[in-house]
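*Asks:* only geometry, no sequence info:
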């Protein structure tokens, strides 16, 4: 569903259901495109640098796809491309999606009675002007003890295998064990609303 009344078009460069949901909650109409990048091939010194570099790689991948599509539409409106990336930081180490169930189990056991952080980037590109800016946001998450049977249920259900660090805070199984979130839930889920809004405004 395209919103022809909006003064600009939005492309969300992500296949994440959570990011899609957050951007829709913000009131934007958008089209979806996903990037083909080797995330494991990109390495940086700090999690902050890493998430910015990953968002840039995603944006570049989508831009090259858009150039090959060769836009048939003669649309004069600016096109805003939003790319984002999130990693989990635990005891100073960056965690991406767990490789398997064993790793997911180890990750979640580590959060039990402990704490983790998410570092998430948002990168906004105005395809008409070439303006591009990315920033990051960090959220600290503290957990109560998570019972083993809850961890097993989470792994059986499978969602944890597809998220950075196997970290979910909105999931009904884990929610009762989240002690405190210092920052915003939308940032943990992959798209900090306030930062996204700010960068879109700057890009226009």
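*Replies:* Good, I have the coordinates. This is a predicted model, so every value here is computed, not measured. Numbering: from 1, shown residues only.
*Asks:* Give me the mean pLDDT for the lengthiest helix in the chain.
*Replies:* Secondary structure assigned by DSSP state H gives helix 47-69 as the longest helix of the chain. The average pLDDT within helix 47-69 is 91.
*Asks:* Over to stretch 125-138?
*Replies:* Regarding stretch 125-138, the rounded mean pLDDT is 95.
*Asks:* Check stretch 153-173 too.
*Replies:* Averaged over stretch 153-173, pLDDT sits at 92.
*Asks:* Quick one: end-to-end length of it, please.
*Replies:* When the termini of stretch 153-173 are compared using Cα to Cα, to the nearest Å, they are 8 Å apart.
*Asks:* What residues of it count as buried?
*Replies:* For stretch 153-173, a neighbour-count test (16 or more other Cβ atoms under 10 Å) marks 154, 155, 160, 161, 163, 164, 165, 166, 167, 168, 169, 173 as buried. C-beta coordinates here come from the backbone N, C-alpha and C atoms, glycine included.
*Asks:* Phi, psi for the first one please.
*Replies:* Residue 154 has phi and psi values of phi -60, psi -40 when expressed as degrees, to the nearest 10.
*Asks:* Check the gap between it and residue 146 for me.
*Replies:* Applying Cβ to Cβ, to the nearest Å, the value for residue 154 to residue 146 is 9 Å.
*Asks:* which neighbours do the two share?
*Replies:* Between them, residue 154 and residue 146 share these contacting residues under Cβ atoms under 8 Å, 6 or more residues apart in numbering: 108, 174.
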